[in-house]
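Colleague: Pasted the sequence and its predicted model underneath.
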Amino acid sequence: MSRIAYVNGLYLPSRDAVVPIEDRGYQFGDGVYEVCEVFNGALIDEERHLGRLARSLGELRIDAPVKPGALKIILREVLARNKVANGYIYLQVTRGVAPRDHVFPQPSVRPSLVVTARQIDPRKGEAAASKGISVISTPDLRWKRVDIKSIALLPNVLARQEAREQGAYEAWLIDDDGLVSEGAASNAWIIDETGSIITRQVDHSILRGITRTTLIEIIAAQGLHLAERKFSIDEALRAREAFITGATTLVMPVVAIDGQKIGGGVPGAVTLKLRHIFHNAAARST
Ligand code: PLP
């Protein structure tokens, strides 16, 4: 079955789905995106993802390409046409197509909207979580407004590639003060020897992960202690447990950092519990 993509009003087989070369996403990375998990036919935390999309667009002064109700219909149509019940849906909005010029087009042009969906066997994620993943640390070379979910992801791509080449799954980005910002495509967490769960506070230096936001509610409901603060790789290496969060990885145990084992090299019990609880607590929309 050929995959179907939505591109500016049309549902097309992936191979025919194209954008003009003067799209500002292609020329400048001038756009934003969202990735929402699909679990048993439901979108997970859709409202939060669409809320963050609206915020990212607002920060870049890009108009919404369609009304929120229409966007929800498009998302469901792409899922249905691709028969995706488990996996994720990707949507990207760029400032639109205009002759190449750094300044925003004047008058403004219609933003471009692309939506794709991908089926992933949920057993794959569960198999990875039962073993845990490795991360490496690498300097955070990104721009200073990574709270905007921008499609300008070259530093993230290079970091992920470096991780892959070193046999790890994720890269933790290290800021100028030697502290962990977040993963190349995930938020970073540790659990210290007292059981306190630590993740960096939200400001312009990290993306406010939707999985992170939902997990913070779960942590509170479980009566666990949370500290939103920065931590170093040294502190992470002494941690009892470590994990990452993201819409495609959920709560994924980290068992090694820069080749050194965390928690004896096996997934931590608290991490696995949080992973297990996640889908019961996250909002589902069909
Ligand atoms: N941080 C970065 C840089 C990301 O790219 C992502 C997801 O792609 C996240 C964090 C996690 O965000 P979410 O939980 O909304 O998927």
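Modeller: Yes, it's here.
Colleague: tally of neighbours for whichever residue of the stretch 51-200 of the chain sits closest to the ligand?
Modeller: Closest to the ligand within the stretch 51-200 of the chain is residue 185: 3.9 Å, counting by Cβ to the nearest ligand atom. Just so you know, the C-beta spots here come from the backbone N, C-alpha and C atoms, and that holds for glycine as well. By other Cβ atoms under 10 Å, the residues close to residue 185 number 20.
Colleague: Contact partners for it?
Modeller: Residue 185 makes contact with 156, 160, 170, 246, 248 under the criterion Cβ atoms under 8 Å, 6 or more residues apart in numbering.
Colleague: Following element in sequence after the strand or helix carrying the first one, please.
Modeller: This means residue 156. Using DSSP states H and E, residue 156 falls within helix 154-165. Where DSSP H and E defines the elements, the next helix or strand beyond helix 154-165 is strand 170-174.
Colleague: how about the contacts of residue 185 in TSV, adding pLDDT, distance to residue 138 and neighbour count?
Modeller: Putting the contacts of residue 185 into TSV (pLDDT from 0 to 100; distance: Cβ to Cβ, whole Å; neighbours: other Cβ atoms under 10 Å) gives the following:
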residue	pLDDT	distance to residue 138	neighbour count
156	97	10	19
160	97	10	20
170	98	10	25
246	98	17	21
248	96	20	17
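Colleague: Any chance of JSON lines for those, columns distance to the ligand?
Modeller: Shown next, in JSON lines, are the contacts of residue 185 (distance: Cβ to the nearest ligand atom, whole Å):
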{"residue": "156", "distance to the ligand": "6"}
{"residue": "160", "distance to the ligand": "10"}
{"residue": "170", "distance to the ligand": "10"}
{"residue": "246", "distance to the ligand": "4"}
{"residue": "248", "distance to the ligand": "7"}
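Colleague: residue boundaries of the strands in the stretch 51-200 of the chain?
Modeller: Applying DSSP state E, counting those that start in this stretch to the stretch 51-200 of the chain gives strands spanning 87-94, 112-119, 133-139, 170-174, 180-183, 187-191, 197-199.
Colleague: Tabulate those in TSV, adding columns for distance to residue 258.
Modeller: Shown next, in TSV, are the strands of the stretch 51-200 of the chain (distance: least, Cβ to Cβ, whole Å):
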stretch	distance to residue 258
strand 87-94	29
strand 112-119	31
strand 133-139	6
strand 170-174	9
strand 180-183	12
strand 187-191	13
strand 197-199	18
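Colleague: Of those strands, which is nearest residue 58?
Modeller: Evaluated over the strands of the stretch 51-200 of the chain, closeness to residue 58 peaks at strand 87-94, with 11.7 Å, by Cβ to Cβ.
Colleague: Hey, what's the angle from the closest one to strand 112-119? Just curious.
Modeller: 170 degrees (axes from the mean of the first three to the mean of the last three Cα atoms, to 10 degrees).
Colleague: do strand 87-94 and the ligand meet?
Modeller: No - figure legend: strand 87-94 not in contact with the ligand (Cβ under 6 Å from any ligand atom); closest approach 9.2 Å.
Colleague: So what are the sheet partners of that strand and their directions?
Modeller: Applying DSSP bridges, strand 87-94 is found paired with strand 31-39 (antiparallel), strand 112-119 (antiparallel).
Colleague: The residue of the stretch 1-150 of the chain found nearest the ligand bridge partners, please.
Modeller: The ligand sits closest to residue 35 of the stretch 1-150 of the chain, with a gap of 5.7 Å, by Cβ to the nearest ligand atom. Counting by DSSP bridges, residue 35 is bridged to residue 90.
Colleague: isn't it right next to residue 210, touching?
Modeller: No - using Cβ atoms under 8 Å, residue 35 makes no contact with residue 210, being 9.2 Å away.
Colleague: Could you tell me which residues touch both of those two?
Modeller: 49, 247.
Colleague: Same drill for the two, tell me which one is more crowded.
Modeller: Set residue 35 next to residue 210 and count neighbours by other Cβ under 10 Å: residue 210 wins out with 27 against 17.
Colleague: Phi, psi for the more buried one please.
Modeller: Torsion angles at residue 210 (phi, psi; degrees, to the nearest 10) stand at phi -70, psi -40.
Colleague: Quickly note the distance from it to residue 127.
Modeller: Noted for residue 210: a distance of 24 Å to residue 127, by Cβ to Cβ, to the nearest Å.
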